[in-house]
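Trainee: My questions concern the predicted model and sequence given below.
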Amino acid sequence: MLALLCASLFLVACASDASLSTEEQIRDMHAKVTEIWQEVTGRRAADRGQDAALHAICQVRPSASLDAEKPQVTGFVLFRQPVPGAQLEAFFNLEGFPPEANGTKHAIHVHQFGDLSQGCESTGPHYNPLAVQHPQHPGDFGNFAVRDGGIWKYRSGLVASLSGPHSIVGRAVVVHEGEDDLGRGGNAASLENGNAGRRLACCVVGLCGPAPWARQAQERRKRRRENECKTA
Ligand SMILES: *[C@@H]1O[C@H](CO)[C@@H](O)[C@H](O)[C@H]1NC(C)=O
């Protein structure tokens, strides 16, 4: 399989049109490599008669380099990718925000390195494999509103991946102190990180089995039923 990938990469590289910009070439190569990856992994899963869904978990801890008076945010982020290459679904489940933070918005992003040796500071910049501007990075998850000291949110349609050449597995998820300006801040930092401020908490994404996701999906169904009862 590795030989197949290498051979295909070589072909892709040779076939690239010289008139394309470097960025276009990278995008083009990424699309082709992803396609090959999907085909190979999809076929392998089908051969074994298995569900091809991938799951990952990220156990959020306060940054080791954070001042003691800052919010100590803990919790987890769960990811599910129905098949390799498909868009991601995610659950964000965080707590530890103070009462005065009720209603405030916090940016959450994937950063380049799964290195927490200097707290969240050593996770590097946003993971940006295609050299594009914020907020087009694969891990630009946007803003999350705090409610009653926590964040509990299901999101789908995320472009990050748990497989293939640009997998976020082994990289970091960072919860920021401020709101993401989504590239509209009018300065250079806005197009790199959305001016989202200090890194409150973070974690490293690791693969996991389907059980944590199943538990959250059940919790979501329960909350929806409760909401329906309230509004009925
Ligand atoms: C937080 O804000 C929500 C509305 O956004 C409100 O329903 C809730 O009661 C508030 N909680 C606290 C602890 O103030």
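Mentor: Perfect, I can see it now. Only a predicted model underlies this, so the values are computations on that prediction, with no experimental measurement involved.
Trainee: in stretch 71-86, what's buried?
Mentor: Neighbour-count burial for stretch 71-86 flags 71-81, 84-86 (criterion: 16 or more other C-beta atoms under 10 Å). All C-beta atoms are positioned from the backbone trio N, CA, C, and that covers glycine.
Trainee: Kindly indicate which of these lies nearest residue 35.
Mentor: The closest of these to residue 35 turns out to be residue 85 (C-beta to C-beta; 7.7 Å).
Trainee: now residue 174: how far from residue 108?
Mentor: According to C-beta to C-beta, to the nearest Å, residue 174 stands 7 Å off from residue 108.
Trainee: The helix or strand harbouring residue 57 pairs with which strands, and in what direction?
Mentor: In this assignment (DSSP states H and E), residue 57 forms part of strand 54-62. Paired with strand 54-62 in the same sheet, following DSSP bridges, are strand 74-81 (antiparallel), strand 199-204 (antiparallel), strand 206-208 (antiparallel).
Trainee: mind showing which ranges of this protein have poor pLDDT?
Mentor: Filtered on pLDDT under 70, the chain yields the residue ranges 1-18, 42, 45-46, 49.
Trainee: Okay, strands next: where are they in it?
Mentor: Secondary structure of the chain by DSSP state E: the strands cover 54-62, 74-81, 88-95, 105-111, 117-120, 140-145, 150-158, 172-176, 199-204, 206-208.
Trainee: Tell me which of these lies nearest to the ligand.
Mentor: Among the strands of the chain, strand 140-145 comes nearest to the ligand, with 7.4 Å by C-beta to the nearest ligand atom.
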